[in-house]
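Test case, fold it:
(chains A and B)
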Number of protein chains: 2
Amino acid sequence: MTPAPGSFTAEEYAARLVRTQAAMAKRGLSALLLTTPADIAYYSGFLTRFWESPTRPWYLILPAAGYPVAVIPLIGQTLMARTWVADIRCWQAPDLADEGITLLADTLREIAQGIGGHNRKIGVPMGHESHLRMPLNDWERLKCATPEMSFESDDGIVSQQRMIKSPSEIAHIRTTCAIAARAFARVPEIARAGVPLDQVFRRFQMLCLEEDADWVAYLAGAAARGGYGDVISPADERELTPGDVLMLDTGLVRNGYFCDFDRNYSVGPPSDTVASAYQTLIEAAEAGFHAARPGATAADLFHAMHGVVGGPMDGGRFGHGVGLQLTEGCSLIPQDQTMLATGMVLALEPVITLPDGQIMVHEENIVIGVDGAQWLSPRAPRMIPVLEG
Amino acid sequence: MTPAPGSFTAEEYAARLVRTQAAMAKRGLSALLLTTPADIAYYSGFLTRFWESPTRPWYLILPAAGYPVAVIPLIGQTLMARTWVADIRCWQAPDLADEGITLLADTLREIAQGIGGHNRKIGVPMGHESHLRMPLNDWERLKCATPEMSFESDDGIVSQQRMIKSPSEIAHIRTTCAIAARAFARVPEIARAGVPLDQVFRRFQMLCLEEDADWVAYLAGAAARGGYGDVISPADERELTPGDVLMLDTGLVRNGYFCDFDRNYSVGPPSDTVASAYQTLIEAAEAGFHAARPGATAADLFHAMHGVVGGPMDGGRFGHGVGLQLTEGCSLIPQDQTMLATGMVLALEPVITLPDGQIMVHEENIVIGVDGAQWLSPRAPRMIPVLEG
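Numbering: from 1, shown residues only, chains lettered A, B, ... in the order given. Here you go, the predicted structure:
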């Protein structure tokens, strides 16, 4: 059987498992129960866009010792069998009477008995930015079906493991960043005064695909005179107009891995305010880059960038981790004391507030190396690129 | 302020709210708490691809009487203010110490007090194919912060409301289906013997965008000799080969609404087995279509189609609802006794198993009208289309 597209070697998954089991042992966990696309992909190599359908829950169990066990709908058996996961148990989903819960409970019980001892603690990601991808009714039913077990927070184990990327993961993200970079370089082909913003969004996604994205999971952006007010609204039909700043921010996916960076463009010549704000953003990202080394904290990077741009923080943060998800792991905010370590991939995302209240956002991706950071996205030009006005 | 792109009139949202409040009153709920993109979009018109970032939770509360209240990260304030929702309460997210939970608890308390009475039941979608999009730790914290309230299942209220589409929603889905139909009609431009499947996937997504998709949330498919074995694996680099059946299944999005249908193609002339299986699938979908009228059940549609194709059911179902999600609402399986009603939009998705164990899947979208069903996807040709071999 050919390996699942985008998956790594069994050795890579085994290394992730062993590191995770060491962390589980410290907390006395019998198993970890995983339910979300990124967590399951990380430990199995199971990549599919079928997650878009909310109907079926999927489960991957990491035992305290031994190999992962998949408890999944029958429709996924063939693909899961192409991963390194050998123990695959399926039910015929959808099943309105029992959506895999009996099978899951039996499997957890078997695993816990195999581990031995009196401990029956099952770790589940419950912390910041996690969610449980199964119905709450089924969650309660699972707990009732396994009264001898206790389900508790994984204490961030999974998030912490995923935060440090292996060389293979970094290579994947570098590839994804290069695809986005090629698409951004071609924006002058599709965007100029008179083109509606929603058409720019469509054409940009086409460029990403033409440049080899598997799919374009995320595209945000904005265009407005002298900056923009909002970076999460869908595009509307308003035409680009001289004096606009156009921003496009993409999280495209290649082999399951995201990039997340943006580019700004001036439609026609920029005002002095915009030109200067843009340069300040570039300098802020550089300040973040130079502060980024093992031992520095997420908060340190925030302060390095905020020291350059100043101003309020309505957007919420100046960056975050990137990997199997568009955003994951730490946040570049004053509160976040996460210690940076070799292998972390980050988005540096300083925001500047202009005198009239508009904002501009700049974003690059970096990886933390032994001696400091490296750029994964090719750095944006030092002067704001100008589109035909 | 211009309305949020893709949103409906305030009257449409008010009608949804009033119907939902009537259902809430029967169950004695003080409020509904919603956390997922589709549920929040349905009652607010808040559409954004920013949901791709898992970092921030978002909350919409429907009180037993009165208007919805949004409790959301500050980054979403501008967009939410462009919807019909007037009461918007924001916190500066991410906040590692309190990710909106105090604000949410205070808001729920205020709403329950405003409703009056001793009842403090908060409904939350907890049933089949639902999930809670917030960390479990925060869920426990919310319950601790509001000991006077009980959180319980919404008993399917939200899912049932969303299942019946308004004329405006049906018009949106019809538009989305027409976009996919135009893209499918152009597949011969991009797929022929010698083209790798992953390039077909990329080029097909580009066609969808060129034909006016906002984005391509879902693309699955397969190509293999005389049928395929699996419909959820990512595309690999294998080249199309004469004798292959190529299947592409897309859930693209326009104005927030999905279509979900597929098309099959034969690379070069089809074998008799493939040609005949294809015609059987077309007949099965027609049998489903003719069985689809108000008062029939989801199970009836399954049996109508299964009566034509026969065979095992490894894929799990013969169709499902479609709307703000790729799949939602009922499942066309023997277990599902959901009564069809005017305004339901469904995917009919019969599967046929070929003598060698390969499968073929055909899918169309329909809407239930007063006197029977209407096609939303233009029906596939009666003979399998042939690509250059």
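
okay, and for the stretch 1-150 of chain A, where does confidence drop off?
In the predicted model of the stretch 1-150 of chain A, residues A:1, A:117-119 satisfy pLDDT under 70.

Checking residue A:72 next. Helix, strand or coil?
Secondary structure, DSSP: H, G, I helix; E, B strand; the rest coil: residue A:72 is strand.

Could you measure from the residue lying closest to it once chain neighbours are set aside over to chain B?
Residue nearest to residue A:72 in three dimensions, not counting chain neighbours: residue A:58, with 5.0 Å by C-beta to C-beta, 6 or more residues apart in numbering or on different chains. C-beta here means a position set from N, CA and C on the backbone, and glycine is covered the same way. Residue A:58 sits 11 Å away from chain B, going by C-beta to the nearest C-beta, to the nearest Å.

Residue A:58 contacts residue A:74, correct?
No. If you go by C-beta atoms under 8 Å, residue A:58 and residue A:74 don't touch, sitting 11.6 Å apart.

Looking at the two, which is more packed in?
The residue with more neighbours, out of residue A:58 and residue A:74, is residue A:58; 24 against 16, by other C-beta atoms under 10 Å in any protein chain shown.

re the thing from before, mind listing what the residue nearest to residue A:72 touches?
Counting by C-beta atoms under 8 Å, 6 or more residues apart in numbering or on different chains, residue A:58 makes contact with A:35, A:40, A:51, A:70-73, A:76, A:133.

Flag every residue of the stretch 101-250 of chain A that's near chain B.
By C-beta under 8 Å from any C-beta of the partner chain, the residues of the stretch 101-250 of chain A that approach chain B are A:124, A:126-137, A:153, A:198, A:201-203, A:205-206, A:209-210, A:212-220, A:229-236.

Residue A:366 looks like it's in a strand, true?
Yes. Under three-state DSSP, residue A:366 falls within a strand.

Need the nearest residue in space to it, chain neighbours excluded.
Of all residues not flanking residue A:366 in the chain, residue A:373 sits nearest, at 4.4 Å (C-beta to C-beta, 6+ apart).

For the one you found, give its distance to residue A:293.
To residue A:293, residue A:373 is 7 Å away according to C-beta to C-beta, to the nearest Å.

With residue A:308 instead?
18 Å.

again, but for residue A:217
To residue A:293, residue A:217 is 30 Å away according to C-beta to C-beta.

what do you get for residue A:164?
Counting by C-beta to C-beta, the gap between residue A:164 and residue A:293 amounts to 15 Å.

cool, and residue A:218?
Distance from residue A:218 to residue A:293, by C-beta to C-beta: 28 Å.

just residue A:384 next, same as before
Here the distance between residue A:384 and residue A:293 works out to 29 Å (C-beta to C-beta).

One more: residue A:24?
Applying C-beta to C-beta to residue A:24 and residue A:293 gives a distance of 29 Å.

still on that earlier bit, quick check on residue A:373 and residue A:293: which one has the bigger neighbour count.
Neighbour totals were compared for residue A:373 and residue A:293, and residue A:373 leads with 23 against 18 (other C-beta under 10 Å).

Surely that one forms part of a strand?
Yes. Judged by three-state DSSP, residue A:373 forms part of a strand.

Just list the residues touching it, thanks.
So residue A:373 contacts A:289-290, A:292-293, A:366-367 (C-beta under 8 Å, 6+ apart).

mind checking how far it is from residue A:249?
From residue A:373 to residue A:249 the distance is 20 Å (C-beta to C-beta).

cool, and residue A:104?
38 Å.

Residue A:348 too?
Taken as C-beta to C-beta, the span from residue A:348 to residue A:249 is 13 Å.

Find the residues that touch each one of these two.
Here residue A:348 and residue A:249 have residue A:363 as joint contacts, going by C-beta under 8 Å, 6+ apart.

Comparing the two, which shows the higher neighbour count?
The neighbour comparison of residue A:348 against residue A:249 (other C-beta under 10 Å) goes to residue A:348, with 29 against 25.

Dihedrals phi and psi, residue A:131?
With angles defined as degrees, to the nearest 10, residue A:131 sits at phi -150, psi 160.

Strands of the stretch 1-150 of chain A, start to end?
Applying DSSP state E, counting those that start in this stretch to the stretch 1-150 of chain A gives strands spanning A:31-34, A:59-63, A:69-73, A:87-91, A:121-124, A:150-153.

Who are the packing partners of the fourth one?
Secondary-structure packing of strand A:87-91 (3 or more C-beta pairs under 8 Å, 6 or more residues apart in numbering or on different chains; DSSP states H and E): strand A:69-73, helix A:77-81, helix A:101-115.
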